[in-house]
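Novice: What would the 3D arrangement of this be:
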Amino acid sequence: MQYHALSLARQASLEVDIVAYGGSTPHSAILENQSIHIHTMKQWPAIPRIVSKIFYPLVLLFKALFQFFTLFWFLCVKIPSPDVFIVQNPPSVPTLVAVKWASWLRNSAFIVDWHNFGYTLLGLSLGRSSCYVALYHWFEKYYGKAANGSLCVTRAMQHELAQNWGIKATVLYDQPPEFFRPTSIEEKHKLFCRLHKDLCHPPGVHDCVSAGTMELWNQDIDETLFTAKVDANIFFRPNRPALVVSSTSWTPDEDFSLLLEAAVMYDRRVAAILNEDGLTKEEVLWKETNSGKEILYPRLLFIITGKGPNKEKYEEKIRRLKLNRVAFRTMWLSAEDYPLLLGSADLGICLHTSSSGLDLPMKVVDMFGCGLPVCAVSYSCIEELVKAEKNGLLFSSSSELANELLMLFKGFPDNCDVLKSLKNGVMEVGSSARWDTEWERHAKPLISKVISGEL
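Specialist: You can find the predicted model right below:
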């Protein structure tokens, strides 16, 4: 919705009010735009997990009521009367209800931007047969049909809305805004300097990255895990690990076990290929950095960004892994540093499987904007975004992902031709696909018609 706000302000010259929860800082482009005004709502208070489990139906009900009245108050009282409300779905309950009632009271139009179906997400935790899921589905469909206009993110979703919901939607493919772009070597070096401690010396972690960077701790900050600066020249370190990035919300629709299992398989298979079975991390690292020979397969550093409910569970699983050539870091980056990290990585991983099978992962769009090829879990409509062997690869199991990692990083960094080919494919497609162009072509005409009363 930040991208919608920027486009409404820049491309339609409108005043924009954003009503949202806090928790993370918006991009500086939002904060610096004088036409965009942010209104932060109070969050539902944290409840002990044991209480939430015992009284789950009651907690669900009171949470929905709290969110409804909070949102309704902001929409009806705290902000000026708008020409149109634009709401992203999901969440559906109570959001769609509150927005529809507010639009009626304030004589405003109402547009839904469909990114997925909320009832399918609820079904992941309660099961599709739950009466709560059925009730949620009814609310979502009834109030979704009440909108004056609809946008959606895939042609598959457009077809589903038309055939089974009675909703005519315009497809607006997510595209990266201008700040998601390839990163220069100077920007990469500055970023790795800022992240040096988190990458190389996280508390209580001893792996193939931290063990190999102890000498950097006391050296000049102009040498990082991936880059070095001598005088005015910046260059990549030849023995650097390959950097793999995955962004996740740590929710049930992303099976993070796939990535952990693939990492273990990569580690074991490389050990067998390089005759490293039985060697310690330190011995493997010494062999790589001091033997004078080019190593066929690099160390891998996975950086996992994002917040979510299952984060601690998987962090514990990561701590129990015994790996010699693979390391993991979990972190949360600022809105400015996140695009820089994507543009600095060698490969992106997407574990999104879609609860409905009809949406596309925004994280892959961002990765493509930064020139980053992607390995993504295969599901029904993912090929609307990821073109296999053109800008990425698809996988259905941890073994397939491990095979792809071995294929892509063989000969890294200079002789990995398949990885270079995918990166070139991303750059070819990405150069012509940007959010402002897509929004101008598809969203702006719909919004203009809704505001003018033509729809």
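Novice: Output the below-cut-off pLDDT ranges for the stretch 151-300 of the chain.
Specialist: 212-221, 278-294 (pLDDT under 70).
Novice: Helices along that one, start to end?
Specialist: 155-160, 185-194, 196-200, 257-273, 281-290 (DSSP state H, counting those that start in this stretch).
Novice: closest to S398 out of the ones you listed?
Specialist: helix 257-273 (3.5 Å; CB to CB). For every residue, glycine as well, the C-beta is placed using N, CA and C.
Novice: Which elements pack onto the closest one?
Specialist: Here helix 257-273 touches strand 300-305, helix 311-320, strand 326-331, helix 398-409, going by 3 or more CB pairs under 8 Å, 6 or more residues apart in numbering; DSSP states H and E.
Novice: Identify each buried residue in that helix, please.
Specialist: Using 16 or more other CB atoms under 10 Å as the test for burial, helix 257-273 gives 258-271.
Novice: so where does the spatially closest residue to F66 that is not a sequence neighbour fall, helix or strand?
Specialist: Nearest non-adjacent residue to F66, counting by CB to CB, 6 or more residues apart in numbering: W44, 5.6 Å away. Using DSSP states H and E, W44 sits in no helix or strand.
Novice: so W44 touches Q67, yeah?
Specialist: Yes: counting by CB atoms under 8 Å, W44 does reach Q67; the two are 6.4 Å apart.
Novice: If you count surrounding residues, which of those two has more?
Specialist: Taking other CB atoms under 10 Å, W44 and Q67 do not tie; Q67 has more neighbours (20 against 14).
Novice: could the buried residues of helix 257-273 be laid out in a markdown table, adding distance to H196?
Specialist: Shown next, in a markdown table, are these (distance: CB to CB, whole Å):
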| residue | distance to H196 |
| --- | --- |
| L258 | 30 |
| L259 | 24 |
| L260 | 25 |
| E261 | 30 |
| A262 | 27 |
| A263 | 23 |
| V264 | 27 |
| M265 | 30 |
| Y266 | 25 |
| D267 | 24 |
| R268 | 30 |
| R269 | 30 |
| V270 | 26 |
| A271 | 28 |
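Novice: so which of those would you say is closest to S24?
Specialist: For the buried residues of helix 257-273, the nearest to S24 is L259 (23.3 Å; CB to CB).
Novice: The closest one reaches S246, doesn't it?
Specialist: Yes: counting by CB under 8 Å, L259 does reach S246; the two are 6.6 Å apart.
Novice: Between the two, which contacts overlap?
Specialist: Counting by CB atoms under 8 Å, 6 or more residues apart in numbering, the shared contacts of L259 and S246 are F302, I349, L351.
Novice: Just give me how far stretch 56-64 sits from the chain centre.
Specialist: 28 Å (CA atoms, centre = their mean, to the nearest Å).
Novice: mean confidence score for that stretch?
Specialist: Averaging pLDDT along stretch 56-64 gives 82.
Novice: List the buried residues of it.
Specialist: L60, A64.
Novice: Equivalent analysis for stretch 368-388, please.
Specialist: Buried residues in stretch 368-388 (16+ other CB under 10 Å): 368-377, 379, 381-382, 385-386.
Novice: Next: stretch 155-164.
Specialist: A156, M157, Q158, E160, L161.
Novice: my read: D17 touches S35, true?
Specialist: No: the criterion here is CB under 8 Å, and D17 misses it with S35 at 10.0 Å.
Novice: Overlap in contacts, those two.
Specialist: By CB under 8 Å, 6+ apart, no residue touches both D17 and S35.
Novice: residue boundaries of the strands in the stretch 101-250 of the chain?
Specialist: 109-114, 149-152, 170-171, 227-230, 233-236, 242-247 (DSSP state E, counting those that start in this stretch).
Novice: quick one: S184 from R49, how far?
Specialist: Using CB to CB, to the nearest Å, S184 is found at 45 Å from R49.
Novice: out of the two, which sits in the more crowded spot?
Specialist: The residue with more neighbours, out of S184 and R49, is S184; 13 against 9, by other CB under 10 Å.
Novice: For that one, grab phi and psi.
Specialist: Recorded main-chain torsions at S184 are phi -70, psi 160, according to degrees, to the nearest 10.
Novice: Use 28 as the first number for this chain going forward.
Specialist: I'll keep to 28 as the first residue from here, and by that count the last item is S211.
Novice: quick one: E431 from I331, how far?
Specialist: From E431 to I331 the distance is 18 Å (CB to CB).
Novice: How about E427?
Specialist: 20 Å.
Novice: Comparing the two, which residue is more hemmed in?
Specialist: Neighbours were counted for E427 and for I331 using other CB under 10 Å; I331 has more, 22 against 17.
Novice: Good, wrapping up.
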